[in-house]
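Enquirer: just need the structure, nothing else, for what follows:
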Amino acid sequence: MELSSIFDFTLIYATIRAATPILFAALAAVITQQADIINIGTEGIMLTGAFAAVCISFFTGSWLLALLVSMAAGAVMAMIMAVAHIKYKADICAIGTAINMLALAITKFGIKQFLGTTGSFTDPKIIAIPKLHIALFDNNKYLNGLFNNWSMMEIFGIVMVFVMSFLLYRTVWGLRLRSVGRFPMAAETAGIHVNKMKYQVMLISGLLGGMAGAHLSIGYSQMFTENMTNGRGFMGVAAMFFGGANPIMAWIGCLLFGFTDSLGGRLQAYGWPSQFVLMMPYIITIAVLAVSLWRKYVKEAKAKSSLITK
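Expert: Coordinates of the predicted model:
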């Protein structure tokens, strides 16, 4: 086994490609966390979006309509969570878990009812999200390997990292949102409608989660498989914790997952046990969560010690 054939320049794009579905899930979790809502249901929102995208793309032949419908499906799932949590005070972790289970059930039912199969579905009629090809790079293996054939969603995901960072930390809306998450009573006193802000971020989270699912089924691949998210929504939540609900830092966490996934695929090609390769992303998830919780504990301990000193 030659390391140069594993750690070559193509691993860069492979990492970004594998990280993109997790990135959208992480951004969906980031924006709700800013309002002090842990969006455990990101996994279910993604899965619903993935199924909706494949169905619409297959029946209409339009990837754009499939993307829009998947976003709408994600928004519906997110608003179910929002109403249950904000209006009826349901525990967000409980309702998030329920959404994940509901998504598994309705997609399992849907693939049988609407697509006439079980397990997985693929068909040439499924129109994928377009990839950008620059013919000028074809004659250069490095430029071709690094910058050619990117999915539009991969580019959009990176743009969204910086757009969300700007919205959260450079706009009045972002300031109000962060105040709602940290000091809701003070925000209410200042005239900010706390529940309205929470509904807004849950809606945005649903749109992003649906987008993540659409990219997974008609961007990253051209098929739908039962439970095809395979923990990517939870990885997005873990990346959010790793980044402290900061979009840029969460993206770094997503790249870590993407690197592990891409590296695992290459190691498996060289005879590494598939069981070991498949468990690598989950080991990284546990490690990331452990580091995140440790950092949070240290931060809280310092805050308490500074109060005692004063």
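Enquirer: quick one: the helices in the chain?
Expert: With DSSP state H as the criterion, the chain has helices at 3-6, 10-33, 42-60, 63-82, 92-113, 141-147, 152-170, 172-182, 184-189, 194-218, 232-242, 247-269, 274-309.
Enquirer: to the chain's geometric centre, what's the distance from the fifth one?
Expert: So the one you mean is helix 92-113. Here helix 92-113 is found 17 Å from its chain centre; the criterion is CA atoms, centre = their mean, to the nearest Å.
Enquirer: now do stretch 174-182
Expert: 22 Å.
Enquirer: what's the mean pLDDT across it?
Expert: Stretch 174-182 shows a mean pLDDT of 93.
Enquirer: and what of stretch 244-259?
Expert: Mean predicted confidence for stretch 244-259 is 91.
Enquirer: circling back to that earlier point, so which of the helices of the chain is nearest K131?
Expert: With CB to CB, the closest approach to K131 among these belongs to helix 152-170: 7.4 Å. No exception for glycine: its C-beta is placed from N, CA and C like everyone else's.
Enquirer: dump the residue contacts of R182.
Expert: Each residue near R182 by CB atoms under 8 Å, 6 or more residues apart in numbering is listed here: D36.
Enquirer: if I look at it, how far off is Q34?
Expert: To Q34, R182 is 9 Å away according to CB to CB, to the nearest Å.
Enquirer: repeat that for R232.
Expert: R232 is 21 Å from Q34, by CB to CB.
Enquirer: and the two? which has more neighbours close in?
Expert: Here R232 and Q34 are compared on neighbour count by other CB atoms under 10 Å; more neighbours surround R232, at 29 against 24.
Enquirer: who are the neighbours in contact with the more buried one?
Expert: Taking CB under 8 Å, 6+ apart, we find R232 in contact with P21, I22, A25, E43, M46, A212, L216.
Enquirer: neighbours around the residue lying closest to the first one once chain neighbours are set aside, how many?
Expert: Spelled out, that is P21. Spatial nearest neighbour of P21, chain neighbours left out: L216 (4.5 Å); criterion: CB to CB, 6 or more residues apart in numbering. Neighbour count for L216, taken as other CB under 10 Å: 30.
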